[in-house]
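**Q** Just to be clear, the model below is a prediction. Sequence and coordinates:
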Amino acid sequence: MDSGKIDLVAYNKETDTVHLIIMDEEEWEDSSKHIDNLHEKILGYIAFIENGAYDQKYPEMYNKEIIIDVVFENDPTKDGQQFLTQISQVLNDTGYYIEFRNYTSL
């Protein structure tokens, strides 16, 4: 997982929202490492928004609601699920939205 790269950006016309999508294809054998990598990736997405890079790259999407959308190839472990709950609460408390789903739900 490259924390300095935005994997995918999508616009949903129905909800008028922009989705910054993280494609998580890693296995969960080493939950701690996976959590660290995912945390860094999420922080990279927040930096992309906060440092103005998002607005520069997508000026037509200015003032749209942004959702960080994590799409997993592999189901998170119990530790992973606990991290997802915590990061979701922290981000929601600071005005960011994050969603999680598995590839199979697409």
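**A** Ah, there it is.
**Q** can you give me the strands in this structure?
**A** 8-12, 17-24, 65-72, 97-102 (DSSP state E).
**Q** As JSON lines, those strands with mean neighbour count, distance to Asp2 and mean pLDDT would be great.
**A** In short, each C-beta sits where N, CA and C put it, glycine included. Below are those laid out as JSON lines (neighbours: other C-beta atoms under 10 Å; distance: least, C-beta to C-beta, whole Å; pLDDT from 0 to 100):
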{"stretch": "strand 8-12", "mean neighbour count": "13", "distance to Asp2": "13", "mean pLDDT": "94"}
{"stretch": "strand 17-24", "mean neighbour count": "19", "distance to Asp2": "10", "mean pLDDT": "95"}
{"stretch": "strand 65-72", "mean neighbour count": "20", "distance to Asp2": "14", "mean pLDDT": "95"}
{"stretch": "strand 97-102", "mean neighbour count": "15", "distance to Asp2": "19", "mean pLDDT": "93"}
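**Q** Serialize the ones you listed to TSV and add fields for distance to Gly80.
**A** Listed next are the strands of the chain as TSV, based on distance: least, C-beta to C-beta, whole Å:
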stretch	distance to Gly80
strand 8-12	21
strand 17-24	10
strand 65-72	9
strand 97-102	10
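**Q** Out of these, which is closest to Phe48?
**A** The closest of those to Phe48 is strand 17-24. By C-beta to C-beta, the value is 7.3 Å.
**Q** Describe which strands that closest one pairs with in its sheet and in which direction.
**A** strand 8-12 (antiparallel), strand 65-72 (parallel) (DSSP bridges).
**Q** pull the CA atoms of it into PDB?
**A** Extracted in PDB, the C-alpha atoms of strand 17-24 (Å, rounded to 0.1, in the frame of the first residue of the first chain):
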ATOM      1  CA  THR A  17     -20.300  13.100  -3.200                       C
ATOM      2  CA  VAL A  18     -16.700  12.500  -4.100                       C
ATOM      3  CA  HIS A  19     -15.200   9.200  -3.100                       C
ATOM      4  CA  LEU A  20     -11.400   9.000  -2.500                       C
ATOM      5  CA  ILE A  21     -11.000   5.200  -2.700                       C
ATOM      6  CA  ILE A  22      -8.300   3.200  -1.100                       C
ATOM      7  CA  MET A  23      -7.900  -0.200  -2.700                       C
ATOM      8  CA  ASP A  24      -6.700  -2.500   0.100                       C
END
